[in-house]
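Visitor: just a sequence and a predicted model for now, questions to come.
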Amino acid sequence: MKISIKKKLFFIFISITLGYVSSIFLLNFTILGDYYTSKISKRMESAANEIKVLIDEDGNFDVKEFIGNEYTAVVKTIIMKQRDNTIVYNSIVPYIGNLDAYDHEYFLNAQEFMLNNINSFCEIPQVKIKAFIQVNNKVLQLMYRFDKDGDTYYVCMMASYEQITQNILIFNKFCLMFGLIILVVFGGIFIIIIEKFTAPILHINKVSKKLATLDFSDRLYVSSNDEMGLLAENINIMADKLEDTINKLIKINEKQAEDISIKEKIDESRRYFLSSVSHELKTPISLIVGYAEAIKFKDKKTPVDYYCDIIIDEGDKMNKLVSNILKVSQMDSEIMPINKINFSITELINKYLQNYEIKITENDIKVEKSFNSDDEVYADYELISQVLNNYLTNAINHASGEKIIQIFTFNNKDKVRISIFNTGNHIAEKNLSKVWDSFFKEDKARTRQYGGHGFGLTVVKTVMMRHNTDYGVNNVENGVTFYFELEKYESGNENTDKKA
């Protein structure tokens, strides 16, 4: 079980206070009585010698000087002159009415008491303990005899043990009350001090727990200029450095994870690319080999010209595929420069529509156009020609239903957007982002039918990324729309030509 520092300090204070008060009581009951008795005995012996000085040559006793002694309230004294047995001084007389500590038989008549004990007086003042059985009490008694100016004087001094005990009890009661007052008053003060002293420690403990869980949202605020303030400052410095180091490590780990992820994606893309290229080249190579063997072992019925046309056609397809792959590779590695010039996108569209006029007519496709009057763009003419060619070829090959192709150009702020729509089936939503991937084919049979390899849109993606402009595809009502944007021509932007 853990005990808080507050409780520990408070227990220490209580223990010290109780130990102090208990020690005083123990000393009072064991040592104080003997110490007090010893002090009174010595003072009685000293007072006995002073009495000899306070009696003048006429036998008169200086009572005022003697009463001024601090022990006269405790010690009772009788002085008798031997010449006529005269009592020179008797401090017991005022207490005749209350003699609880002394026997009446001895003290009601001081002279009689002195005469009865005349043989007990000594020339050297010495305190002895005498028991008064009648009152069940003990007294300290000094019986002293001295000569002065031709007379002999007898001094009897006594102090009650009971009074000494009462004084000790009174002192003990005082110590108890004083101890309780100290315990209450100083206990409250000590609690306030403890609160002030432990507040920074508790705050340090709270913040350090957060630091242990790598939570750096809190800091220490200790205004004292002592060791506690220095500790808080050092912890704050440590927390700042630790947070900075951990953040750097996190960034490094994230960068490494990102690099690993990119590397894995690159490796996966490379494997997919090689697999796709192998697959795409396998079919035409097989056809070429097959028809070449047929020509080699021909007979009279072999249609040599037809077989040759097939071989030429498949060779063209492979040449086109390899050419596109090389072009994309060059643009990705930024080997191929981007040569931007000013040209009319409308004229380029009309050129390709004219080139595909026969194919459009054979497929009963209706073409609708809507061009913006301001159609001057600033781009790489050859690369954009390939983008436009791929979009138009894609639209012609996939037009179905009403077989309508719509081509629009319009301004989009500082860009010109070119949209090509064809009626037909929608692209599956999950495949909209995949159509730009190398060798992706949603309808593999149809793609093979018109001789496609699924690489045309990859070329489009690469070209547009080099131009740093937008492109995309959307499913719309009754068909699909492909679009791309080009920088609008403005005088002076020829200086922004980009080269890889």
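Guide: Perfect, I can see it now. Residues are numbered from 1 along each chain as shown.

Visitor: quick one, what contacts residue 74?
Guide: Residues near residue 74 by Cβ atoms under 8 Å, 6 or more residues apart in numbering: 40, 159, 160, 163, 164. In short, each C-beta sits where N, CA and C put it, glycine included.

Visitor: mind redoing it with 10 Å?
Guide: By Cβ atoms under 10 Å, 6 or more residues apart in numbering, the contact set of residue 74 is 36, 40, 43, 44, 140, 158, 159, 160, 163, 164, 167.

Visitor: before we move on, what about residue 130?
Guide: Residues near residue 130 by Cβ under 10 Å, 6+ apart: 120, 137, 138, 139, 140, 141, 143, 158.

Visitor: so which of those sits lowest on pLDDT?
Guide: Minimum pLDDT for those is recorded at residue 137 (65).

Visitor: ok, back up a step: I'd like to know which of the contacts of residue 74 are buried.
Guide: For the contacts of residue 74, a neighbour count by 16 or more other Cβ atoms under 10 Å gives the buried set as 36, 40, 43, 44, 140, 158, 159, 160, 163, 164.

Visitor: any figure for the gap between the last one and residue 33?
Guide: The gap separating residue 164 from residue 33 is 7 Å, by Cβ to Cβ, to the nearest Å.

Visitor: for residue 292, same thing?
Guide: 136 Å.

Visitor: which phi and psi does residue 405 have?
Guide: phi -120, psi 130 (degrees, to the nearest 10).

Visitor: ah, wrong one, I meant residue 82
Guide: Main-chain torsions, residue 82, degrees, to the nearest 10: phi -70, psi -30.

Visitor: I'd guessed it sits against residue 147; true?
Guide: Yes. In this structure, residue 82 is within contact of residue 147 by Cβ atoms under 10 Å, at 9.1 Å.

Visitor: more crowded one of those two?
Guide: residue 82 (15 against 11; other Cβ atoms under 10 Å).

Visitor: which non-adjacent residue is nearest that one?
Guide: Closest residue in space to residue 82, ignoring its immediate chain neighbours: residue 152 at 4.0 Å, by Cβ to Cβ, 6 or more residues apart in numbering.

Visitor: about what we covered before: out of the buried ones among the contacts of residue 74, which one sits closest to residue 312?
Guide: Comparing the buried ones among the contacts of residue 74 against residue 312 with Cβ to Cβ places residue 36 closest, at 137.5 Å.

Visitor: other SSEs contacting the host helix or strand of residue 155?
Guide: Using DSSP states H and E, residue 155 sits within strand 151-160. Contacts defined by 3 or more Cβ pairs under 10 Å, 6 or more residues apart in numbering; DSSP states H and E place strand 151-160 against helix 33-54, strand 75-81, strand 86-90, helix 104-107, helix 110-116, strand 127-132, strand 137-148.

Visitor: same thing but at 6 Å, please
Guide: Judged by 3 or more Cβ pairs under 6 Å, 6 or more residues apart in numbering; DSSP states H and E, the packing partners of strand 151-160 are helix 33-54, strand 75-81, strand 137-148.

Visitor: please name every helix or strand in contact with the longest one.
Guide: Meaning helix 33-54. Contacts defined by 3+ Cβ pairs under 6 Å, 6+ apart place helix 33-54 against strand 137-148, strand 151-160.

Visitor: the first one to strand 151-160, inter-axis angle?
Guide: Strand 137-148 and strand 151-160 are oriented at 160 degrees to each other (axes from the mean of the first three to the mean of the last three Cα atoms, to 10 degrees).

Visitor: strand 137-148: how far from the chain's middle?
Guide: 83 Å (Cα atoms, centre = their mean, to the nearest Å).

Visitor: okay, buried residues for that strand please.
Guide: Buried residues in strand 137-148, counting neighbours by 16+ other Cβ under 10 Å, are found at 137, 138, 139, 140, 141, 142, 143, 144, 145, 146.

Visitor: do the shortest one as well
Guide: When burial is assessed from 16+ other Cβ under 10 Å, strand 151-160 yields the following buried residues: 153, 154, 155, 156, 157, 158, 159, 160.

Visitor: OK, contacts around the second one?
Guide: Contacts for residue 154 were tallied using Cβ atoms under 6 Å, 6 or more residues apart in numbering; they are 80, 114, 121, 145.

Visitor: does the third one touch residue 143 like I think?
Guide: Yes. In this structure residue 121 lies within contact range of residue 143 using Cβ atoms under 6 Å: 4.6 Å.

Visitor: from residue 488, how far out is residue 413?
Guide: In terms of Cβ to Cβ, residue 413 sits 8 Å off from residue 488.

Visitor: repeat for residue 477
Guide: Taken as Cβ to Cβ, the span from residue 477 to residue 488 is 29 Å.

Visitor: who has more neighbours out of these two?
Guide: Using other Cβ under 10 Å as the criterion, residue 477 and residue 488 rank with residue 488 on top: 18 against 7.

Visitor: please report phi then psi for the more buried one.
Guide: The phi/psi pair for residue 488 (degrees, to the nearest 10) is phi -70, psi 140.

Visitor: just the pLDDT for it.
Guide: For residue 488, the predicted pLDDT is 87.

Visitor: pretty sure it sits against residue 416.
Guide: Yes. The pair residue 488 / residue 416 is scored as a contact, 5.3 Å apart, by Cβ under 6 Å.

Visitor: pLDDT score assigned to residue 423?
Guide: Looking at residue 423, the pLDDT reads 93.

Visitor: bridged to it, which residues?
Guide: Beta-bridge partners for residue 423, by DSSP bridges, are residue 479.

Visitor: count of residues packed around it?
Guide: Neighbours around residue 423, by other Cβ under 10 Å: 21.

Visitor: so who does it touch?
Guide: 401, 402, 404, 478, 479.

Visitor: can you classify the first one as helix, strand or coil?
Guide: The reference is to residue 401. coil (DSSP: H, G, I helix; E, B strand; the rest coil).

Visitor: please give me every residue in contact with it.
Guide: 423, 424.

Visitor: how far away is it from residue 435?
Guide: Here residue 401 is placed at a distance of 20 Å from residue 435 (Cβ to Cβ).

Visitor: what would the contacts of residue 130 look like in JSON lines with distance to residue 352?
Guide: Output for the contacts of residue 130, formatted as JSON lines (distance: Cβ to Cβ, whole Å):
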{"residue": "120", "distance to residue 352": "153"}
{"residue": "137", "distance to residue 352": "140"}
{"residue": "138", "distance to residue 352": "139"}
{"residue": "139", "distance to residue 352": "142"}
{"residue": "140", "distance to residue 352": "139"}
{"residue": "141", "distance to residue 352": "145"}
{"residue": "143", "distance to residue 352": "150"}
{"residue": "158", "distance to residue 352": "144"}
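
Visitor: now the element after the helix or strand hosting residue 358, going C-ward?
Guide: When secondary structure is defined by DSSP H and E, residue 358 falls within helix 357-362. With elements assigned by DSSP H and E, the helix or strand that comes after helix 357-362 is strand 366-370.

Visitor: list the helices and strands that following strand packs on?
Guide: strand 404-412.

Visitor: between strand 366-370 and the strand it packs on, find me the angle.
Guide: 10 degrees.

Visitor: now the strands for the stretch 251-400 of the chain?
Guide: Ranges of strands in the stretch 251-400 of the chain, per DSSP state E, counting those that start in this stretch, are 340-344, 366-370, 376-380.

Visitor: got any ranges where the stretch 51-200 of the chain has weak pLDDT?
Guide: For the stretch 51-200 of the chain, residues meeting the criterion pLDDT under 70 lie at 58-59, 63-65, 67-73, 92-108, 131-137.

Visitor: mind redoing it with 90?
Guide: 51-144, 146-152, 156-200 (pLDDT under 90).
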